[in-house]
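Trainee: sequence and predicted structure are below.
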Amino acid sequence: MADLRIPTRSGDLPVYVATPAGAGPWPGVVVISDASGMNADLRFQTDWLASEGYLAAAPDLLNGGTILKCLREIFADMLAWQGKVSAQIVSVRDWLAQHERCTGKIGVIGFCMGGSFALMLAPGHGFAASSVNYGALTKEIEALLTDACPIVASYGARDRSLRGTAARLEQVLRTAGVAHDVKEYPDAGHGFLNNHGPGEVPLILRVAGSFVHTAYHEPSAQDARRRIVAFFAQHLR
């Protein structure tokens, strides 16, 4: 496990890299955080993927900036479909693909904000599989998913902000003929895969999370991880 800096067009980007045991080579996975950025939970998600045999890299998309400034930039990037943040994620993908211990097959996984990026980047960005966890499905993204890579997606039925998203995504991917596994967990809310420690989530995000029932839910998280690993094994190995 290592904290590195990799070059991008906008400067060096801090990245946490987790390496599986053994000699490799392994498939790679880019791990995109929720809006709380680099913290213990993101490192846990990255270490978990490494324990399953993936060379995993998690960029610090906030990169030392204030959360409000960074989030404005990140969400503007998502609305414009291009910009610094998307380019940084693609740079991490390229870095993994060129790594001497990587097979060259790269997946992406994201949570909340990162889940939206994982869905947005599934079409036409060189990923072989995408794990979308409570990511928003806009009409603009929906229109492009006919060219998406295989997608495994997980949502919580108690998430007020994304009601009906799982069913919509299932229908879109089925109609487009994209390989997929979409599941909504009846007892889970938003962020159910993210087990943040005290103080990891800024106050503004904790307040927002209270309106969409944001909470870690262990049984749903365990099942979602099982599905993600099985899906990645099918499409990345």
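Mentor: The structure has been received and is ready for your questions.

Trainee: neighbouring strands - and their directions - for the helix or strand where Ala57 lies?
Mentor: Under the criterion of DSSP states H and E, Ala57 resides in strand 55-59. Its sheet considered, strand 55-59 pairs with strand 13-18 (antiparallel), strand 26-32 (parallel) by DSSP bridges.

Trainee: how far off centre is the longest one?
Mentor: In this view, strand 26-32 has its centroid 10 Å away from the chain centroid, taken as Cα atoms, centre = their mean, to the nearest Å.

Trainee: put the alpha carbons of that strand into PDB.
Mentor: Below are the C-alpha coordinates for strand 26-32, written out as PDB (Å, rounded to 0.1, in the frame of the first residue of the first chain):
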ATOM      1  CA  TRP A  26      -3.500  -8.200 -12.000                       C
ATOM      2  CA  PRO A  27      -6.500  -6.300 -13.500                       C
ATOM      3  CA  GLY A  28      -6.700  -2.700 -12.300                       C
ATOM      4  CA  VAL A  29      -9.500  -0.700 -10.700                       C
ATOM      5  CA  VAL A  30      -9.900   3.000 -10.300                       C
ATOM      6  CA  VAL A  31     -11.700   3.800  -7.000                       C
ATOM      7  CA  ILE A  32     -13.700   7.100  -6.900                       C
END
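
Trainee: how near is Val132 to Leu121?
Mentor: 10 Å (Cβ to Cβ, to the nearest Å). Where C-beta positions appear, they are placed from N, C-alpha and C, glycine not excepted.

Trainee: I should have written Gly37 there, sorry.
Mentor: Gly37 is 18 Å from Leu121, by Cβ to Cβ.

Trainee: other SSEs contacting the strand ranked longest in the chain?
Mentor: The strand spanning the most residues in the chain, taking DSSP state E as the definition, is strand 102-111. In terms of contacts (3 or more Cβ pairs under 8 Å, 6 or more residues apart in numbering; DSSP states H and E), strand 102-111 is packed against strand 26-32, helix 40-51, helix 84-98, helix 113-120, strand 129-133, helix 218-236.
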